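Q: everything below, folded, please.
(2 chains)
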Amino acid sequence: MNRIRNLALAPAAALLIATVAVPFAILATYAFRSRGTYGGVVSPWTLENWQRLADPLYAGILARSFLVAAVSTVLCLVLAFPLALAITRSGRWKNLLLALVMLPFWTSLLIRTYAWMFLLRDTGLINTWLLRAGLISEPLPLLYNWGAVILGLVYAHLPFMVLPLYAALERQEPQLLEAAADLGAREWQAFWRVTLPLAAPGIRSGVLLVFIPCLGTYLIPDLLGGGKTILAGTLIQNQFTSARDWPFGAALSLALMAVVLVLLWLEARRSQEALL
Amino acid sequence: MKRWLILSATLLYAFLHAPLLVLALFSFNAGRFTVWEGFSLRWYEEAWRDARLIESAGNSLWIAAAATALATAAGTLCAYGLWKRGSKLLMTGLTVSLVTPEIVTGVSLLALFQWLFRYAGLQLGMHTVILAHTGFCLAFVALVVLARLRTMDAVLEEAAMDLGAHEWEAFRRVTLPMLIPAVISAALLAFTISFDDYVITSLVAGVDTETLPMVLYAMARRGGSPVVNAISTVIAAVLGAGILASEALRRKA
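A: This next block holds a predicted model:
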């Protein structure tokens, strides 16, 4: 009887071994080896790649990645909260409004990021309008800076924050707020002391669902930062392409992966249930 | 509802949707610049005549179709197997595959293919892209289908087997028909993710294979053009329609 069940799991297991386990095993061995003269991976085993992570230049990039991901996550939280609250209180429009949050999320990250380039660049829509309105005499440098990168990150990840917040807020009994009001709480007090604490599980999953992809982002800083904004993802890509330092790139990848897994593990332990 | 809540929600919906709508609008602009000069389809015609774009779009469609078929088959079977008999190891594998940053998936697969090149002479090309895409679509399919299975009652299959069906028959004639909407919705999701991928594809495609996102990315890095707006509009419309169809199917299920 178990044969069919095992058979059903076999193709997926083979795929995961081929595309996850073996590639990670290869990265793990590369991370302890040296870069050859022409960019290959050569034999002497070494810890140098890991020591370089502490080099101020690279440690700075990693710290910046944390900071950018944290700022984007906080902005997502601040923006998503009223949106999620509005959806839970929208009655029969609920499903439509939820679908409208999801829709841009499914229509291609590349295109949504490009849409911001179209709006922000020197000859883009915003600058063209401001110039024609005579409000500015030269285009504002809106694109290719950290502000544009964070804007792009918030825009791309907002749905990840709205959905768990909505799920948490939806579960709250409206009577709780009535009870708070009966007991003399003002509206903002009820929000701070009832709505917000009860939404904590949703906030935690939302924060994780936004922070993790922001930490490893590559496409958004590359396009909206124009190659001037180096983050962990860009640094890794660089090591495997132009810099051709695969051992160091492997160490960076494993370090990033370790951070992601530790964050997930901490959350799974806290909530006693799988995140996914 | 409070007025400020309605106002902020409206602004946020504008923030979410305006950029794509404006992009789509200007893809029909007669002029090259961001000033409206009248309706025209010239950028769509120009995109259609661009052999490189058409060829890369063909590659993307073919890769997404192959990866979707493979990932949907393996993922559905996997979800079924996990439903009947949990496997913590496999579940962990799927989760890891899902949360790995794209760039890390990309470089780890590049390392794998380079290793296979050195020891088995494997060249980069469409096949390596299809394998990579199948790999990262698998977890999405398996988890979507598993979520649906968990809402179903195992008793139905047991009843079929009590009535003399073999396990395989019970799966094919009882469980699978009820599962079809979830499988289709998972397949559409896989297709979308595969068709859209740039980061992983660009690392494992080699020099001879180009997908549509790779061409678009190169054009966007050079600052973009109205042609990019036109193609973006087509892709967004097709993917959006696919996802809406999949949502409708899932809700009906």
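
Q: I'd say B:S246 and B:L188 touch.
A: Yes - shown here, B:S246 and B:L188 form a contact pair, counting by C-beta atoms under 8 Å, at 4.0 Å. Where you see a C-beta, it was placed from the backbone N, CA and C, and this is true even at glycine.

Q: how many neighbours does A:A180 have?
A: 18 (other C-beta atoms under 10 Å in any protein chain shown).

Q: whoops, B:A18 was the one
A: Number of residues near B:A18 (other C-beta under 10 Å) recorded here: 12.

Q: same thing with the one 5 residues further on?
A: Residues near B:L23, counting by other C-beta under 10 Å, number 25.

Q: and the residue lying closest to A:E48 once chain neighbours are set aside, how close does it get to B:M91?
A: Spatially, and ignoring its direct neighbours in sequence, A:E48 is nearest to A:S34 (7.2 Å; C-beta to C-beta, 6 or more residues apart in numbering or on different chains). For A:S34, the distance to B:M91 (C-beta to C-beta, to the nearest Å) stands at 37 Å.

Q: residues in contact with the residue of chain A found nearest chain B?
A: Minimum separation of chain A from chain B (C-beta to the nearest C-beta) falls at A:G216, amounting to 2.5 Å. For A:G216, the contacting residues are A:232-233, A:256, A:260, B:101-104, by C-beta atoms under 8 Å, 6 or more residues apart in numbering or on different chains.

Q: out of those, the closest to A:S108 would be?
A: Nearest to A:S108 among the contacts of A:G216: B:E102, at 13.8 Å, using C-beta to C-beta.

Q: which residues of chain B score low on pLDDT?
A: Applying pLDDT under 70 to chain B picks out residues B:1, B:250, B:252-253.

Q: rerun at 80
A: Residue ranges of chain B with pLDDT under 80: B:1-2, B:33-34, B:223-224, B:242-253.

Q: quick check: the residue of it nearest chain A.
A: In chain B, the residue that lies nearest chain A is B:P101 (2.5 Å; C-beta to the nearest C-beta).

Q: ok, that residue touching A:L256?
A: Yes - using C-beta under 8 Å, B:P101 is in contact with A:L256, at 6.2 Å.

Q: just to revisit the earlier point, against A:A8, how distant is the residue of chain A closest to chain B?
A: As judged by C-beta to C-beta, A:G216 and A:A8 stand 32 Å apart.

Q: excluding its backbone neighbours, what's nearest residue 157?
A: No chain in the question, so chain A it is. Sequence neighbours aside, A:V210 is the residue nearest to A:H157 in space, at 4.5 Å (criterion: C-beta to C-beta, 6+ apart).

Q: wait, chain B was what I had in mind.
A: B:A170 (4.6 Å).

Q: who touches B:H17 in this structure?
A: Here B:H17 is in contact with A:100, A:103-104 (C-beta under 8 Å, 6+ apart).

Q: ok, and of those residues, which contact chain B?
A: Contacts with chain B within the contacts of B:H17, counted by C-beta under 8 Å from any C-beta of the partner chain: A:100, A:103-104.

Q: buried only: go through those residues for me.
A: A:103-104 (16 or more other C-beta atoms under 10 Å in any protein chain shown).

Q: A:G249: helix or strand, and which one exactly?
A: Here A:G249 sits within helix A:246-271, counting by DSSP states H and E.

Q: over to B:F117?
A: helix B:102-120.

Q: quick one: residues in contact with that helix.
A: By C-beta under 8 Å, 6+ apart, helix B:102-120 touches A:18-20, A:22-24, A:26-27, A:30, A:216, A:218-219, A:233, A:236-237, A:239-240, A:246, A:249-250, A:253, A:256-257, B:97, B:100, B:122-124, B:128, B:132, B:135-136, B:197, B:199-200, B:202-204.

Q: I'd like the next helix or strand past that helix.
A: Using DSSP H and E, the helix or strand that follows helix B:102-120 towards the C-terminus is helix B:126-149.

Q: other SSEs contacting that following helix?
A: The contact analysis (3 or more C-beta pairs under 8 Å, 6 or more residues apart in numbering or on different chains; DSSP states H and E) places helix B:126-149 against helix A:2-16, helix B:51-84, helix B:88-99, helix B:102-120, helix B:176-196, helix B:199-204.

Q: flag every buried residue along the helix or strand containing B:L21.
A: Counting by DSSP H and E, the element that carries B:L21 is helix B:3-26. By neighbour count on 16+ other C-beta under 10 Å, the buried set for helix B:3-26 is B:8-9, B:12-13, B:15-16, B:19-20, B:22-24, B:26.
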